[in-house]
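Model the following, please.
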Amino acid sequence: MKMNTLMDAEILDDLVALRRDLHAHPELGFEENRTAAIVADRMRKAGLDVETGIGGTGVVATLRKGNGNRAIALRADMDALAMPEETGLPYASTVPGAMHACGHDGHTTMLLAAAEVMVDQPFSGTVHFIFQPAEEGRGGAKAMIEDGFLDRFPVEAVYGLHNMPGLDLGVIAAVDGPQLASSDSWSVTFRGIGSHGAKPHQGRDAVTAAGMFLMQVHSIVAREVDPLEPAVVSACALAAGDFSALNVIPHEVKIGGTARAYSAAVRDQLEAAIGRHAKSVAAGFEIEADYHFLRRIPPVVNAPAPTEIAQNAASDALGANHMRKAFPPSTAGDDFAEFGTRVPGAYVWLGMGETRENGQHHNTNYDFNDDCIPYGVAYWCSVIAKELG
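Residues are numbered from 1 along each chain as shown. I've put the predicted structure just below:
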């Protein structure tokens with residue numbers, strides 16, 4: 001299927017220009033003022049009802065047609081990442097230390113276009129187009145929920161889409177069940193008694209305790225979690241001592257990391273196990289351990305009914321050869337889960353085809369493939385037709 005069979009070339013040129021403008025002007029979570037203003041302006045000009053400032057910088061554009069009483073929501077994220085861009089593209093980031101390295105510029109563009117297309121298409125019901133801030137770890141979806149999104153815009157189903165480098169161009173992978181893991185943070189502070197490096201017996205060694213803890217915590221998934229239940233525990237940060245004082249055993253060591261799971265039971269298990277190992281190691285060395293586990297976002301788990309809608313929508317709009325019912329889940333996280341745990345949801349992957357060298361998500365050489373745009377727009381319009389047609 002060729003791109004130009006899906007969308008008029010002039011319209012596509014406009015969307016590519018919009019996407020690249022957003023790419024050149026990335027904004028971090030809860031700072032998407034320019035992006036939100038562009039979204040709100042285009043949606044108002046298209047005739048949608050628009051509310052801004054939801055959950056900070058979130059925008060919801062609403063399109064109602066016919067007499068149908070059902071309502072659904074489609075979600076795109078708007079924020080960029082706090083990292084430099086090294087693509088060398090003519091539309092590369094103009095903001096130092098900020099980059100659209102995950103394709104949210106493309107997500108925003110496709111959902112905007114779908115809303116504009118559906119203004120002239122028949123359906124009966126209500127569609128809320130969610131333009132969410134702060135997906136990249138800053139809690140934008142939760143902020144919108146806490147700002148009353150579901151009370152102000154009640155819906156029966158919610159849909160999300162994310163680009164996927166390496167998946168064939170224009171292919172939609174819509175899979176029932178877990179898609180992304182929960183994303184939680186943990187930290188442990190071991191507090192002992194500092195001493196001279198030559199006289200460790202005069203102190204209580206927090207450094208050795210921390211080393212033993214690292215060995216144990218990385219055995220949790222291998223030896224405590226059911227092998228049929230995917231999970232990840234990783235230590236990602238460690239702070240102790242001073243390299244200008246290598247004869248001093250410090251009194252304190254801080255370790256932190258991430259924990260990922262696809263089920264609530266395993267998520268609970270990881271939280272308990274990390275803390276248990278920290279406390280038991282500390283007790284063995286007669287030191288203290290302060291443990292904190294921060295639940296950030298739950299897993300994204302697709303519900304059967306909207307997943308079937310997504311599969312049929314992709315097949316109808318793009319052809320059966322552009323739809324997959326099987327695709328491996330990711331251990332990354334997405335706070336789309338905040339919507340999907342409250343309302344039945346389906347989160348799909350849109351294939352970007354071959355990418356730039358090292359052009360994976362969160363890489364300084366990443367760039368969204370504009371050839372995806374017609375496929376994403378066609379899919380979104382088909383979801384609306386399937387739900388409310």
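
drop to CA atoms for contacts and neighbour counts, all remaining ones
OK.

check contacts around residue 373.
Taking C-alpha atoms under 8 Å, 6 or more residues apart in numbering, we find residue 373 in contact with 12, 15, 106, 109, 110.

who wins for neighbours among those?
Counting neighbours by other C-alpha atoms under 10 Å, the top entry in those is residue 106, with 30 neighbours.

where in this structure is pLDDT low?
By pLDDT under 70, the weakly predicted segments of the chain are 1-6.

got the phi/psi numbers for the spatially most central residue of the chain?
For the chain, residue 334 is the residue whose C-alpha lies nearest the centre (C-alpha atoms, centre = their mean; 2.6 Å). Geometry field for residue 334 lists phi and psi as phi -150, psi 130, criterion degrees, to the nearest 10.

The stretch 251-389 of the chain: helices as residue ranges?
In the stretch 251-389 of the chain, helices defined by DSSP state H, counting those that start in this stretch lie at 264-284, 304-318, 337-340, 373-388, listed in chain order.

Let me have these in JSON lines, adding distance to residue 28 as columns.
Converted to JSON lines, these look like this (distance: least, C-alpha to C-alpha, whole Å):
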{"stretch": "helix 264-284", "distance to residue 28": "28"}
{"stretch": "helix 304-318", "distance to residue 28": "30"}
{"stretch": "helix 337-340", "distance to residue 28": "20"}
{"stretch": "helix 373-388", "distance to residue 28": "23"}
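
what's the closest of these to residue 350?
Smallest distance to residue 350 across the helices of the stretch 251-389 of the chain (C-alpha to C-alpha): 7.0 Å, for helix 373-388.

Tell me what angle the closest one forms with helix 304-318.
Using axes from the mean of the first three to the mean of the last three C-alpha atoms, to 10 degrees, one finds that helix 373-388 and helix 304-318 are set 130 degrees apart in direction.

mind listing what residue 186 touches?
Each residue near residue 186 by C-alpha under 8 Å, 6+ apart is listed here: 256, 257, 258, 259, 291, 292, 293, 294.

excluding its backbone neighbours, what's nearest the last one?
When you say that, I think you mean residue 294. Residue nearest to residue 294 in three dimensions, not counting chain neighbours: residue 185, with 5.1 Å by C-alpha to C-alpha, 6 or more residues apart in numbering.

Could you give the bridge partners of the one you found?
residue 258, residue 294 (DSSP bridges).

before we move on, back to that, can you select the buried ones among the contacts of residue 186 for me in ChimeraX?
Those of these that meet the burial criterion (16 or more other C-alpha atoms under 10 Å) are gathered into one ChimeraX selection, given here:
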select :256,257,258,259,291,293
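
Looking at the contacts of residue 186, which is nearest residue 233?
Distance ranking of the contacts of residue 186 against residue 233, using C-alpha to C-alpha, places residue 259 first at 4.6 Å.

Grab the nearest non-local neighbour of the closest one.
What sits nearest to residue 259 in space, not counting adjacent residues and going by C-alpha to C-alpha, 6+ apart, is residue 233, at 4.6 Å.

and if you look at residue 139?
If you skip the residues right next to it in sequence, residue 139 has residue 335 as its closest partner in space, 7.0 Å away by C-alpha to C-alpha, 6+ apart.
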